[in-house]
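**Student:** Show me how the following folds:
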Amino acid sequence: MIWMLCAFNVACGGSQASPNASGAAEHAAPPTTPAASRFRLKVSLFPWIPGDTSYVRWIEEEFERSNPTVDLVVRDPAKSHDWKPNEYVGDLSYEWEKTGQALTDASSPDFQHLVEVDTMILGELVKRKAVLPFTIPDPGFLEFTRRAVQVDGTTYGVPHWTCGHFFMSNLPQIKAASSLDQLLRTLATAGRAESVDVAGDMDGSWESVMLYLDAYVDAHPTASASEATTHARLDRDVEANLMKVGRACTHEGKNHCADDAAEAFAAGRVDALFGYSERLNEAARKGTDPDKVTIVPAALGQTDRLLLFTDALVLSPRCSAAECKDAAARFATFYTDARVYETVLLSRDGGQDAKPRYLLPATRAAFERPDVQADPIYNQLQGYVGGADGYPNQGVPAAKQSGVLRGLVANALGIKRND
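**Tutor:** Numbers count the residues shown, from 1 in each chain. A predicted model of the protein is given here:
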């Protein structure tokens, strides 16, 4: 059943919050409702967001302002960050066994009614009966995100973010490159001799698998990304292309294919930054002028068949009662509203020194907000996402868990790993 609900006062005939001089919404005190009559909705949002503290605070306050009967409790993103041992519990967006427990065990201190997961783990959650079918009225989701939340014809989630691999450069010539070979020739001839051609973090237990699938469909444009999840050795064409990337990452004897290279890019030591579009947020905070940046999908083969991730809200089977479903649907509707996206995308919640986050929304309407369209990076990104394909929502966890592809990809790129 689709629970058709309003998320903003404006959607119910009320008025929208007016912007102040800086563009952020002016907040009146949230309406007060007796605590006993409020439904407490526990939600775990995708935890890898630049400026997550201000983001979480704004989401909680703004949602409760227009939904005073719901007490929204957003899980602290620090619980997903394993480099914070005193706070880390588990990354519910990726660690599917912990996610399954958090969604099904109501006695767990980490129980959640909604979890925003990377849909790569959706098949595992469905297999474990850890999620209910969950939909809201479609606000104009990008087509590949609709497919990403479906398993065997049933929709199990509400898309929210999407993400993929890009090259970002101050060299506008990269726009004309339609293959990996063309891109690398452009960087070699137009780039600076003192800079490394390509740098970015291409290693990681998840990232290595995702990079391989991306490179596989770029090398074989008619192939399915799903078939590559079972590979026990690298496809020959993919291996050759990754070796080319590895050479482009190497400068003065050092390989930069596993670097957090945003600061080096901002300092002019990297001609093309490889990574997710939100890496540009950090680069901008380090001094990069986004107005001068050209961003293109990462062609990792003879072409670029853009593959994008989808992050989506999934619903606990413990949230089957009408009151819980009502609150969950209200939140999902709010969360995917174009005005909420606009605030978050442009960091108008007060985060990251007002630098846009350069995250990718899952709806067309978010890209069409006037101030989002006016941003030069979002203007470029909008042109790419409409024709994208999605990563598979089954098969990836097993490939990640085996660790085989990670070692093979690292070797092809020339990354020296210590583990």
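
**Student:** all strands for the stretch 51-200 of the chain, in order.
**Tutor:** All strands of the stretch 51-200 of the chain, identified by DSSP state E, counting those that start in this stretch, fall at 70-74, 114-118, 150-151, 154-155, 158-164, 166-169, 196-199.

**Student:** Save those strands as CSV, and put in mean neighbour count and distance to Glu368 too.
**Tutor:** Bear in mind the C-beta positions are built from the backbone N, C-alpha and C, glycine included. CSV is the format used below for these (neighbours: other Cβ atoms under 10 Å; distance: least, Cβ to Cβ, whole Å):
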stretch, mean neighbour count, distance to Glu368
strand 70-74, 19, 27
strand 114-118, 27, 23
strand 150-151, 17, 25
strand 154-155, 14, 24
strand 158-164, 24, 16
strand 166-169, 26, 21
strand 196-199, 26, 32
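
**Student:** Including distance to Thr310 and mean pLDDT, could these go into a markdown table?
**Tutor:** As requested, these are exported to a markdown table (distance: least, Cβ to Cβ, whole Å; pLDDT from 0 to 100):
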| stretch | distance to Thr310 | mean pLDDT |
| --- | --- | --- |
| strand 70-74 | 20 | 98 |
| strand 114-118 | 8 | 98 |
| strand 150-151 | 11 | 98 |
| strand 154-155 | 12 | 98 |
| strand 158-164 | 5 | 98 |
| strand 166-169 | 16 | 98 |
| strand 196-199 | 26 | 98 |
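
**Student:** Between those strands, which one is closest to Ala190.
**Tutor:** strand 166-169 (9.1 Å; Cβ to Cβ).

**Student:** partner strands of that closest one, parallel or antiparallel?
**Tutor:** The strands beside strand 166-169 in its sheet (DSSP bridges) come out as strand 270-275 (antiparallel), strand 294-297 (antiparallel).

**Student:** winner for burial among those?
**Tutor:** strand 270-275 (a mean of 27; mean count of other Cβ atoms under 10 Å).

**Student:** same question for that one, mean pLDDT?
**Tutor:** Averaging pLDDT along strand 270-275 gives 98.

**Student:** can you tell me the distance between the two ends of stretch 298-318?
**Tutor:** 41 Å (Cα to Cα, to the nearest Å).

**Student:** Ignore what I typed, I meant stretch 185-196.
**Tutor:** 13 Å.

**Student:** what about Thr189, distance to Ser224?
**Tutor:** Using Cβ to Cβ, to the nearest Å, Thr189 is found at 35 Å from Ser224.

**Student:** Between the two, tell me which one has more neighbours.
**Tutor:** In this view Thr189 and Ser224 are compared by other Cβ atoms under 10 Å, and Ser224 has more residues nearby, 13 against 9.

**Student:** The stretch 201-350 of the chain: helices as residue ranges?
**Tutor:** Shown for the stretch 201-350 of the chain, the helices assigned by DSSP state H, counting those that start in this stretch span residues 207-219, 236-248, 262-266, 279-285, 322-335, 338-345.

**Student:** residues touching Leu103, list them.
**Tutor:** Phe111, Gln112, Val115, Leu125, Ala130, Val131, Val314, Ser316, Pro317, Arg318 (Cβ atoms under 8 Å, 6 or more residues apart in numbering).

**Student:** 6 Å instead, please
**Tutor:** Listed by Cβ atoms under 6 Å, 6 or more residues apart in numbering, the contact set of Leu103 reads Ala130, Ser316.

**Student:** Check the one 10 residues further on too.
**Tutor:** Taking Cβ under 6 Å, 6+ apart as the criterion, His113 is in contact with Leu41, Lys42, Ser316, Cys319, Ala328.

**Student:** Which residue comes closest to it once chain neighbours are left out?
**Tutor:** Cys319 (4.6 Å; Cβ to Cβ, 6 or more residues apart in numbering).

**Student:** So, low pLDDT: which residues of the protein?
**Tutor:** Along the chain, segments meeting pLDDT under 70 span 1-36, 351-353, 418-419.

**Student:** could you measure the residue lying closest to Pro361 once chain neighbours are set aside against Arg285, distance?
**Tutor:** Nearest non-adjacent residue to Pro361, counting by Cβ to Cβ, 6+ apart: Tyr341, 4.8 Å away. Separation of Tyr341 from Arg285 (Cβ to Cβ) stands at 21 Å.

**Student:** who's more crowded, those two?
**Tutor:** For the pair Tyr341 and Arg285, the greater number of neighbours falls to Tyr341 (23 against 16), based on other Cβ under 10 Å.

**Student:** how close does the more buried one get to Pro370?
**Tutor:** 13 Å.

**Student:** before we move on, the earlier item: out of the helices of the stretch 201-350 of the chain, nearest to Ala199?
**Tutor:** Here helix 262-266 is closest among these (Cβ to Cβ), at 6.2 Å.

**Student:** what sits up against that closest one?
**Tutor:** Val270, Leu273, Arg279, Glu282, Ala283, Lys286, Gly287, Thr288.

**Student:** How about the contacts made by Lys355?
**Tutor:** Applying Cβ under 6 Å, 6+ apart, the residues near Lys355 are Asn281, Ala284, Arg285, Ser347.

**Student:** let's see 10 Å
**Tutor:** Pro50, Gly51, Leu280, Asn281, Glu282, Ala283, Ala284, Arg285, Thr288, Pro290, Leu346, Ser347 (Cβ atoms under 10 Å, 6 or more residues apart in numbering).

**Student:** Can you give me the end-to-end span of stretch 160-175?
**Tutor:** Taking Cα to Cα, stretch 160-175 runs 28 Å from one end to the other.

**Student:** whoops, stretch 129-137 was the one
**Tutor:** Using Cα to Cα, first and last residues of stretch 129-137 are 24 Å apart.

**Student:** And it, what's buried?
**Tutor:** Applying a neighbour-count criterion of 16 or more other Cβ atoms under 10 Å, one finds Ala130, Val131, Leu132, Phe134, Thr135, Ile136 buried in stretch 129-137.

**Student:** okay, these in a markdown table with distance to Trp206 next?
**Tutor:** As requested, these are exported to a markdown table (distance: Cβ to Cβ, whole Å):
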| residue | distance to Trp206 |
| --- | --- |
| Ala130 | 19 |
| Val131 | 20 |
| Leu132 | 26 |
| Phe134 | 24 |
| Thr135 | 27 |
| Ile136 | 28 |
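
**Student:** List only buried entries from the contacts of helix 262-266.
**Tutor:** If we count by 16+ other Cβ under 10 Å, those have these buried: Val270, Leu273, Arg279, Glu282, Ala283, Thr288.

**Student:** Now distance to Gln394 too, for these, in JSON lines please.
**Tutor:** Shown next, in JSON lines, are the buried ones among the contacts of helix 262-266 (distance: Cβ to Cβ, whole Å):
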{"residue": "Val270", "distance to Gln394": "36"}
{"residue": "Leu273", "distance to Gln394": "31"}
{"residue": "Arg279", "distance to Gln394": "28"}
{"residue": "Glu282", "distance to Gln394": "32"}
{"residue": "Ala283", "distance to Gln394": "34"}
{"residue": "Thr288", "distance to Gln394": "38"}
